[in-house]
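> this is a predicted model, with the sequence first.
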Amino acid sequence: ATIRQRGASLVLMGWRGASSTSDVFGRLIDHIVGHSAVPLAVVRAGAQDYDRVLLPISADHLLPGGAGGLTLAAALATRLQRSTPRPTTVLRTGRLGSELPEAIATLSDRVHHDPRRTHQAVAAFAGPTDLIIAPVAPTVSGLRAATTHLAWAAPDATLLVAIDVGPVDEGSLVPAVAGAGRPT
């Protein structure tokens, strides 16, 4: 109700970084993710201040269903990179194929490629002073991959999960959030 009353265009929530077999972010945040009609940014603060923005992108993000989360992640990365001394790093994971959208390609002077799964590439590449901006499509596998798997892969880094959900009908994400809480 508050989101509608205030006319919010983005909801920013803090997360301790723990998940369970029944919840992705925790009961309250999962409820908001499942019912929000506006984009969300869920942040787990790292052990240290960040000095580099890291944007991991898989082939799935380049599919039409992943465009919303990727666009939101790119916009957040653009804003947040201004406060860092090091350039943004785009980490492309998985198989190569599709071209990167211009909004992503212009974020970094160099795109790093790692053929492994996203969480494995992030584990090998990310450090404790990175801000990992994880784009996510509102699907069971997208939510789990961008949350629990990346939280485990980079336990000391700051993690921002960018979820572009809107506009959707009010109950459409509830099954995805509930399903993402189940182990894969």
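Noted; the coordinates are in hand.

> leaving out sequence neighbours, find the closest residue to residue 149.
Spatial nearest neighbour of residue 149, excluding adjacent residues (C-beta to C-beta, 6 or more residues apart in numbering): residue 119 at 3.9 Å. Using the backbone N, CA and C atoms, a C-beta is placed for each residue, glycine as well.

> tell me which element the one you found falls in.
For residue 119, the host element (DSSP states H and E) is helix 118-125.

> in CSV, please show the C-alpha coordinates belonging to that helix.
The C-alpha coordinates for helix 118-125 follow below in CSV (Å, rounded to 0.1, in the frame of the first residue of the first chain):
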residue,chain,number,x,y,z
THR,A,118,27.6,-17.1,-13.2
HIS,A,119,28.2,-18.0,-9.5
GLN,A,120,31.4,-19.9,-10.3
ALA,A,121,32.7,-17.0,-12.4
VAL,A,122,31.8,-14.5,-9.7
ALA,A,123,33.5,-16.7,-7.0
ALA,A,124,36.7,-16.7,-9.0
PHE,A,125,36.6,-13.0,-10.0
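
> buried sites along it?
Using 16 or more other C-beta atoms under 10 Å as the test for burial, helix 118-125 gives 118, 119, 121, 122, 123, 125.

> wait, the first one touches residue 154, no?
Read it as residue 118. No - counting by C-beta atoms under 8 Å, residue 118 stays clear of residue 154, with 11.0 Å between them.

> doesn't residue 135 belong to a helix?
No - the assignment for residue 135, made by DSSP: H, G, I helix; E, B strand; the rest coil, is strand rather than a helix.

> show me which helix runs longest in the protein.
Secondary structure of the chain per DSSP state H: the longest helix is helix 67-81.

> now the most centrally placed residue in the chain. Nearest residue, chain neighbours left out?
Of all residues in the chain, the one closest to the mean position by C-alpha atoms, centre = their mean is residue 134, 2.4 Å from it. Among residues not flanking residue 134 along the chain, residue 146 sits closest, at 4.1 Å (C-beta to C-beta, 6+ apart).

> make sure that neighbour is actually in contact with residue 136.
Yes - assessed by C-beta under 8 Å, residue 146 is found in contact with residue 136 at 3.8 Å.

> residues in contact with residue 39?
In this structure, residue 39 makes contact with 9, 10, 11, 68, 72, 162, 163, 164, 165, 166, judged by C-beta atoms under 8 Å, 6 or more residues apart in numbering.

> which residue, other than its chain neighbours, is closest to the first one?
Think residue 9. Nearest in space to residue 9, with sequence neighbours left out and distances taken as C-beta to C-beta, 6+ apart, is residue 38 at 6.0 Å.

> and for the closest residue in space to residue 62 that isn't next to it in sequence, the neighbour number?
Among residues not flanking residue 62 along the chain, residue 98 sits closest, at 4.3 Å (C-beta to C-beta, 6+ apart). By the measure other C-beta atoms under 10 Å, the count of residues near residue 98 is 10.
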